[in-house]
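Colleague: attaching a predicted model along with its sequence, questions to come.
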Amino acid sequence: MAAAVLLYPLWGLVAPVGPWRWHGSHIAPALATSFGLTGLALVLVVLVGTPLAWSLRAAPEPWRSVFEAIVLLSVLMPPLALGLLLILAFGPGTPLGESLLRFGVPTSNSAAAFIATQVYACFGYYLLAATAAFEGVPPELEQSGALLGLTASAVFRRITLPLARLGLATAASVAWVRALGEFGAIMVTSYYPHGMPVQLWVNLQDQGLPAVLPLLVVFLLSALPLPWAFHFFSRKRRRA
């Protein structure tokens, strides 16, 4: 019964809204914007967040608790509030925004603003999940590697990273979905170019539900399979 309740919203995909309007739904541009820019944002998050999560595992108290509180602040921030704070701090009218604009980096309604907003929106999710993945690695194995003569970087590459890879992959998939689905903050900082969430809103306002459903199906098919697959694969590996 609980599963039926949770699945019931999917019934909306076959709701009688009339013929779906594929032409004019702007599916391809929205898909290219979301996939391309979200992919770049995720690369930045993984490159910065992975070594930071590794170092955070061994950080002393109380500094670790203070830093985790700051990370949680970004995670718990309402999306619309995040967008407003970002535009107030980095917008074209701010000193930093003006400085970046002189170097050809507009901080609103641009690819750079889109990527920066997604990084702020999903970085905390990746960092917390990646830290948990590293904490799941038995320290005894790392100590054994060090006793056998491996350097710290070799221990990380040959022991820590392989054992934490499933958790890191899950962290990346969660960050991917969080960034891909960001709407409130993106609406404020980077309405243009339209990603999939904003394009869904535009289609709803301009053309109604027949133009929304085609893009909604593409959105779900692009956002859900990756974390779904990692979830079941990691459960299977844990049972094994």
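Modeller: Great, that's in hand. Numbers count the residues shown, from 1 in each chain.

Colleague: residue 86 is in contact with residue 116, correct?
Modeller: Yes: using CB atoms under 8 Å, residue 116 makes contact with residue 86 at a distance of 7.4 Å. C-beta coordinates here come from the backbone N, C-alpha and C atoms, glycine included.

Colleague: between those two, which contacts overlap?
Modeller: residue 189 (CB atoms under 8 Å, 6 or more residues apart in numbering).

Colleague: chain neighbours aside, what residue packs nearest to residue 50?
Modeller: Residue nearest to residue 50 in three dimensions, not counting chain neighbours: residue 130, with 6.0 Å by CB to CB, 6 or more residues apart in numbering.

Colleague: can you tell me the element the one you found falls in?
Modeller: helix 111-135 (DSSP states H and E).

Colleague: and that helix, average pLDDT?
Modeller: Computed over helix 111-135, the mean pLDDT rounds to 94.

Colleague: swap in stretch 223-237?
Modeller: 73.

Colleague: for the helix or strand containing residue 171, packing partners?
Modeller: Residue 171 belongs to helix 161-180 when assigned by DSSP H and E. The elements that helix 161-180 packs onto, with contact taken as 3 or more CB pairs under 8 Å, 6 or more residues apart in numbering; DSSP states H and E, are helix 27-57, helix 111-135, helix 209-223, helix 225-239.

Colleague: which regions of this protein sit below the pLDDT cut-off?
Modeller: The model of the chain has pLDDT under 70 over residues 231, 234-240.

Colleague: please redo it, this time with the cut-off set to 80
Modeller: For the chain, applying pLDDT under 80 flags the ranges 24-25, 226-240.

Colleague: am I right that residue 169 is in contact with residue 230?
Modeller: Yes: counting by CB under 8 Å, residue 230 is a contact partner of residue 169 at 5.4 Å.

Colleague: circling back: for the helix holding residue 171, buried residues please.
Modeller: Buried residues in helix 161-180, defined by neighbour count with 16 or more other CB atoms under 10 Å: 161, 163-164, 166-180.

Colleague: just stretch 211-226 next, same as before
Modeller: Those would be 211-216, 218-219, 222-223, 226, for stretch 211-226 by 16+ other CB under 10 Å.

Colleague: residues touching that stretch, excluding its own?
Modeller: 13, 17, 20-22, 24-27, 30-31, 34-35, 173, 176-177, 180-181, 196-197, 199-200, 203-204.

Colleague: whichever of the residues you listed end up buried, select them in ChimeraX.
Modeller: Of the contacts of stretch 211-226, the buried ones can be selected in ChimeraX as follows, counting by 16+ other CB under 10 Å:
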select :20,21,25,26,27,30,31,34,173,176,177,180,181,196,197,199,200,203
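
Colleague: ok, back up a step: by contact count, what packs against the helix holding residue 130?
Modeller: helix 27-57, helix 63-76, helix 79-90, helix 161-180, helix 184-189.

Colleague: grab the nearest non-local neighbour of residue 57.
Modeller: residue 134 (4.7 Å).

Colleague: what's the burial count for the one you found?
Modeller: 21 (other CB atoms under 10 Å).

Colleague: who's in contact with it?
Modeller: 53-54, 57, 160, 164, 167.

Colleague: quick check, nearest of those residues to residue 122?
Modeller: Closest to residue 122 out of these is residue 53 (13.7 Å), distances taken as CB to CB.

Colleague: the closest one and residue 137 touch, don't they?
Modeller: No: with contact defined as CB under 8 Å, residue 53 does not reach residue 137; the gap is 11.6 Å.

Colleague: look up phi and psi at the residue nearest to residue 160 when sequence neighbours are not counted.
Modeller: Spatial nearest neighbour of residue 160, excluding adjacent residues (CB to CB, 6+ apart): residue 137 at 5.4 Å. Phi and psi for residue 137, reported as degrees, to the nearest 10, are phi -80, psi 120.
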